[in-house]
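Novice: got a structure for you, letters missing:
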């Protein structure tokens, strides 16, 4: 999610969202002393490996907060008229961001959920979880709920991202396969 606000020097874009998504749009990072440094691909990978994935694997939803300034021309600033940036051009608006922070938030599993999963299984119901979370976060939450077990994690459990799921349910023409239509309708 991004918000664009008018400032005295032009426009400021504030973005926040899934850490791996927003971080991919960042070209810079704010250092602890407030200086701005170039964010290399190696540094981005290190952040993902040492910050994002460890937090996500404990069930935290990882969020990245970033910004960028879109500075108007000197004449526009002097005239107090800020030309509006191309708001429909997402790459223009959200590209070249400066990473401010990556943080993790927890949405704890409600205490009654694991026992409800057990009761569903005892009734012959197969429980599945569909979420927009990072795969590591989703796997951790599913394990905490009892939807998947430690044995599942060591074997061939079906944890996948949306792109893979869509590829599995669609035929060569991009249409949802007939057997999935039946499952959805029943």
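Specialist: Thanks, I have it. Please read all numbers here as calculations on a predicted model, not as lab measurements. Numbering: from 1, shown residues only.
Novice: going by C-alpha atoms from here, please, whenever you check contacts or count neighbours.
Specialist: OK.
Novice: name the SS class of residue 13, please.
Specialist: Each residue gets one of three states, and residue 13 gets strand by DSSP: H, G, I helix; E, B strand; the rest coil.
Novice: can you offset everything so residue one is 58?
Specialist: Done: numbering now begins at 58, and the last item shifts to residue 70.
Novice: show me the contacts for it.
Specialist: When contacts are counted by CA atoms under 8 Å, 6 or more residues apart in numbering, residue 70 is found next to 59, 60, 61, 62, 124, 125, 126, 127, 150, 151.
Novice: hmm, the last one is touching residue 72, no?
Specialist: Yes. Under the criterion of CA atoms under 8 Å, residue 151 makes contact with residue 72 at 7.4 Å.
Novice: so what sits against both of those two?
Specialist: By the contact definition CA under 8 Å, 6+ apart, residue 151 and residue 72 are jointly contacted by residue 59.
Novice: could you confirm residue 183 falls within a helix?
Specialist: No. Counting by three-state DSSP, one finds residue 183 to be coil, located in no helix.
Novice: can you tell me the closest non-neighbouring residue to it?
Specialist: Using CA to CA, 6 or more residues apart in numbering and skipping residues adjacent in sequence, the residue nearest residue 183 is residue 177, 7.2 Å away.
Novice: which stretch of helix or strand covers the one you found?
Specialist: Element membership of residue 177, judged by DSSP states H and E, is helix 170-179.
Novice: for residue 86, give the beta-bridge partners.
Specialist: Following DSSP bridges, residue 86 is listed with bridge partners residue 94, residue 156.
Novice: who's in contact with the residue nearest to residue 109 when sequence neighbours are not counted?
Specialist: Taking CA to CA, 6+ apart as the measure, residue 109 lies nearest to residue 119, with 6.3 Å between them; neighbours along the chain are not counted. Contacts for residue 119 (CA under 8 Å, 6+ apart) come out as 75, 76, 109, 112, 113, 159, 160, 161, 162.
Novice: and residue 119, how far from residue 111?
Specialist: When CA to CA, to the nearest Å is applied, the distance between residue 119 and residue 111 equals 10 Å.
Novice: what's the burial count for residue 163?
Specialist: By the measure other CA atoms under 10 Å, the count of residues near residue 163 is 13.
Novice: leaving out the residues flanking it, which one is nearest to it?
Specialist: By the measure of CA to CA, 6+ apart, the closest residue to residue 163 outside its immediate chain neighbours is residue 117, 4.9 Å from it.
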